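K.L.:
Here is my input, please return the structure:
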Amino acid sequence: MWNDIFWPLLTGLLNMGLATAATVHIVLWKRDSRAAIAWVGLVWLAPVVGVLVYFCFGINRIQRKATSLRVRESWSPDVEPQLTPEDVERRDELTVRHPNLPGLAAVGRHLTERPILTGNQIEPLVNGDEAYPAMLDSINQAEHSVAFLSYIFDSDRAGDAFFEALVRAKDRGVEVRVLIDGVGSRYSKPNMVRRLHSAGLMVAAFLPTRVPRLFKYANLRNHRKILVVDGRIGFTGGTNIREGHWLSLDPESPVQCVHFLIKGPVVHQLQEVFAIDWAFASGESLGGELWFPAIERSGPVWARGIPDGPDEDFEKISDTILGALSAATSDVRVVSPYFLPDAALIRALSVTAMRGVDVRIYLPEKSNIPVVNWATVDQLWQMLEKGCRIFLTPPPFDHTKLLVIDGVWALIGSTNWDARSLRLNFEFNVECYDEAFATKLNELIVEKARVAREITQKEVDSRRFLVRMRDGLARLLSPYL
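P.N.:
Purely as a prediction, here's the structure:
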C-alpha cells in the first residue's frame with residue numbers, strides 16, 4: 001500500500017518542483033508575454049515532458065559578447081568614416097528630399113553602434129544563375145583569403161562546384177575558412193562539413209547537432225549567407241548553396257532568390273560578422289591585414305551591416321524594420337518567402353498604410369512549407385482591412401527577401417518576416433541609402449508584380465469553414481514556424 005502511494009506522490013512532487021523552477025525562469029527571462037504564457041501552460045499541462053521541451057528549446061544559452069569584443073580588438077575598425085565635401089553635399093541633398101532619413105539612420109546607429117559607411121557598390125544578382133558564377137569567379141581569383149558562411153551547403157551540382165573551387169583555392173595557398181550551420185549541413189548527403197574536412201580545408205559546423213550541444217542549442221540556427229574574398233569583395237543575401245537556385249540546371253525543385261555583390265568599406269562589416277561566428281564555432285580568431293585589408297571606395301551607396309541573433313543582437317532587425325516603417329512617407333515594398341510577422345509588425349504595417357503610404361507585400365502563392373502558407377493566409381485580413389495590398393507570386397517558389405522604403409532606403413539580407421528569423425536565428429542584413437540602388441530593387445519588384453495576382457479581403461473572408469479552421473490552427477503554431 002505504501003508503494004502505491006509513494007511513487008505517485010514522488011512523481012507529483014518532482015513534477016511540481018520542476019514546473020515551479022521552469023516557471024520562475026520563464027517569468028524572469030521571457031520578454032514576450034504571449035510566449036511566456038505558452039511556455040508556462042506547457043510545463044504545467046505536460047508533466048515532465050513540458051519541462052524537458054522547455055529545457056531543450058525555450059532557453060537561450062548563447063552568450064557571445066566576449067567573442068565579439070575579442071574579434072573587434074583584433075582589427076580595430078574606424079569608429080567614424082571621413083566624409084568628403086561631396087559626401088556632405090549629397091547627404092544634405094538626400095535629407096532635403098527625404099527628411100526622415102536622419103532619424104532612420106539614428107535607429108541603425110543606436111542598434112548596432114556602427115557607422116554608416118560611404119563609397120559602396122552593391123549589385124543585385126538574380127537567382128543562382130547570376131549569383132553562383134560571380135561567387136565562383138571570385139573564389140577562383142582569390143589570392144589571400146576566403147571566408148564562407150552558409151546556412152545550407154548541399155552536396156549536389158551547385159555544392160560540388162563550390163567544393164571544387166574552395167579546394168583549388170586552398171591548394172593555391174589561399175587561407176580558406178568555411179562555416180556551415182549544423183542543421184543546414186545535414187540537408188543532403190554526404191555531409192559537406194565532412195567532405196570539406198576530408199579535403200583538408202578549415203571548416204566548422206555552427207551549433208552542431210551532436211549531443212550534448214543539441215540540447216543546448218537545438219532551436220537556434222545560423223541563417224546567414226556571407227562570402228568575403230580577399231577581405232575586399234563580399235556577397236550576402238538570401239541564396240543558399242543548393243542546385244534548386246540554379247534555374248538553368250533545370251532542378252527538380254526550382255527556387256527564385258536575389259543575392260548581392262558588395263564592394264567597398266561595408267565589406268569589413270560582413271567580414272567582422274563572419275569572424276565572430278567563426279571564433280565562436282572554432283575558437284580561432286581572424287584578424288590583421290589578411291582578413292581586414294584597407295578598402296577603397298567603390299560606389300555611391302551608403303550602407304551599414306546589421307547582425308541579428310538570440311544574443312546581444314536580439315531583435316535588431318525587428319527594430320530596424322519598425323523604424324523604417326515609421327519613417328516611410330510615400331511607399332513601402334516588402335518581398336518575403338515566409339510571412340508570419342508578430343503583432344507589432346502587423347500593426348506597424350497597418351498603421352503605415354492608414355497614414356496613406358502605399359504598402360505592397362509580395363509573397364509566394366505556394367510555399368514550400370504548406371503549414372506556413374496556411375498560417376500566413378490566416379493573418380492577412382489584419383493588414384488587408386487597414387489598406388495594405390498583398391500580392392501572390394506564382395511558382396517557382398520565391399525565396400527573395402527585400403524591403404524598400406520611399407525609393408531611397410533598402411534592407412537586404414537573410415531575414416524572413418517570421419518569428420524564427422526575427423527571434424531565433426542568427427541573421428545578417430545590410431541597410432542601404434541610395435536612390436539609384438533602391439530603383440534597381442523596385443524594378444525587380446515590378447517584374448514580380450507583372451505576374452503576381454492581388455489577394456483581396458473578400459477572398460480571405462470567403463474561405464470555407466474547414467479551410468479557415470485549418471489555417472487558424474496553423475496560425476497558432478506561427479511562433480514555432
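
K.L.:
If we go by neighbour counts, what in stretch 372-380 is buried?
P.N.:
Of the residues in stretch 372-380, 372-380 count as buried by neighbour count, 16 or more other CB atoms under 10 Å. The C-beta positions use only the backbone N, C-alpha and C, and glycine is treated the same way.

K.L.:
After the helix or strand of the chain with the lowest mean pLDDT, which helix or strand is next? Please name it.
P.N.:
Among the helices and strands of the chain, helix 213-217 carries the lowest confidence by mean pLDDT, DSSP states H and E, at a mean of 46. Helices and strands here follow DSSP states H and E; after helix 213-217, the next one along the chain is strand 226-229.

K.L.:
The following helix or strand past that next one: which residues count as buried?
P.N.:
Elements were assigned by DSSP H and E; along the chain past strand 226-229, the next helix or strand is strand 233-237. By neighbour count on 16+ other CB under 10 Å, the buried set for strand 233-237 is 233-237.

K.L.:
swap in stretch 249-257?
P.N.:
Burial within stretch 249-257, assessed by neighbour count using 16+ other CB under 10 Å, is assigned to 249, 251, 254-257.

K.L.:
Could you report the separation of the residue nearest the centre of the chain from Asn425?
P.N.:
Within the chain, the residue whose C-alpha comes closest to the C-alpha centroid is Thr415; the distance, by CA atoms, centre = their mean, is 2.7 Å. The gap separating Thr415 from Asn425 is 8 Å, by CB to CB, to the nearest Å.

K.L.:
what do those two both touch?
P.N.:
The overlap between the contact sets of Thr415 and Asn425 (CB atoms under 8 Å, 6 or more residues apart in numbering) consists of 223, 308.

K.L.:
tilt between the strand ranked longest in the chain and strand 233-237?
P.N.:
When secondary structure is assigned using DSSP state E, the longest strand within the chain turns out to be strand 117-126. Strand 117-126 runs at 60 degrees relative to strand 233-237, counting by axes from the mean of the first three to the mean of the last three CA atoms, to 10 degrees.

K.L.:
Run the angle between whatever helix or strand comes next after strand 117-126 and strand 233-237 for me.
P.N.:
Proceeding N to C from strand 117-126, the next assigned helix or strand is helix 127-140, under DSSP H and E. Angle, helix 127-140 to strand 233-237, by the same axes, to 10 degrees: 150 degrees.

K.L.:
just the CA coordinates of helix 127-140, formatted as PDB?
P.N.:
Output for helix 127-140, consisting of C-alpha atoms alone and laid out as PDB, is shown next (Å, rounded to 0.1, in the frame of the first residue of the first chain):
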ATOM      1  CA  ASN A 127      18.900  33.700 -58.900                       C
ATOM      2  CA  GLY A 128      21.800  31.300 -58.700                       C
ATOM      3  CA  ASP A 129      22.300  31.800 -62.400                       C
ATOM      4  CA  GLU A 130      23.800  35.200 -61.700                       C
ATOM      5  CA  ALA A 131      25.000  34.700 -58.100                       C
ATOM      6  CA  TYR A 132      26.900  31.400 -58.400                       C
ATOM      7  CA  PRO A 133      29.100  32.300 -61.400                       C
ATOM      8  CA  ALA A 134      30.000  35.600 -59.700                       C
ATOM      9  CA  MET A 135      30.800  33.900 -56.400                       C
ATOM     10  CA  LEU A 136      32.700  31.100 -58.000                       C
ATOM     11  CA  ASP A 137      34.700  33.500 -60.100                       C
ATOM     12  CA  SER A 138      35.700  35.500 -57.000                       C
ATOM     13  CA  ILE A 139      36.800  32.300 -55.200                       C
ATOM     14  CA  ASN A 140      38.800  31.200 -58.300                       C
END
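
K.L.:
Pull the contacting residues for Val334.
P.N.:
Applying CB under 8 Å, 6+ apart, we find Val334 in contact with 349, 359-362, 402-403, 417.

K.L.:
6 Å instead?
P.N.:
With contact taken as CB atoms under 6 Å, 6 or more residues apart in numbering, Val334 is in contact with 361, 403.

K.L.:
Ok, Pro265 next?
P.N.:
Taking CB under 6 Å, 6+ apart as the test, what Pro265 contacts is 117, 119, 295.

K.L.:
repeat for Glu243
P.N.:
When contacts are counted by CB under 6 Å, 6+ apart, Glu243 touches 156-158, 249, 251.

K.L.:
Now with 8 Å, please.
P.N.:
For Glu243, the contact set (CB under 8 Å, 6+ apart) comprises 128, 154, 156-159, 249, 251.

K.L.:
repeat for Ser155
P.N.:
Applying CB under 8 Å, 6+ apart, we find Ser155 in contact with 163, 188-192, 195.

K.L.:
6 Å - rerun?
P.N.:
Neighbours of Ser155 in contact, by CB under 6 Å, 6+ apart: 188, 190, 192.

K.L.:
With Gly413 instead?
P.N.:
Applying CB under 6 Å, 6+ apart, we find Gly413 in contact with 428-430.

K.L.:
Now, these that are in strands?
P.N.:
Using DSSP E to define strands, the subset of the contacts of Gly413 located there is 428-430.

K.L.:
Columns neighbour count, pLDDT and distance to Leu207 on top of these, output as CSV?
P.N.:
Putting these into CSV (neighbours: other CB atoms under 10 Å; pLDDT from 0 to 100; distance: CB to CB, whole Å) gives the following:
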residue, neighbour count, pLDDT, distance to Leu207
Phe428, 28, 97, 16
Asn429, 25, 98, 20
Val430, 23, 98, 24
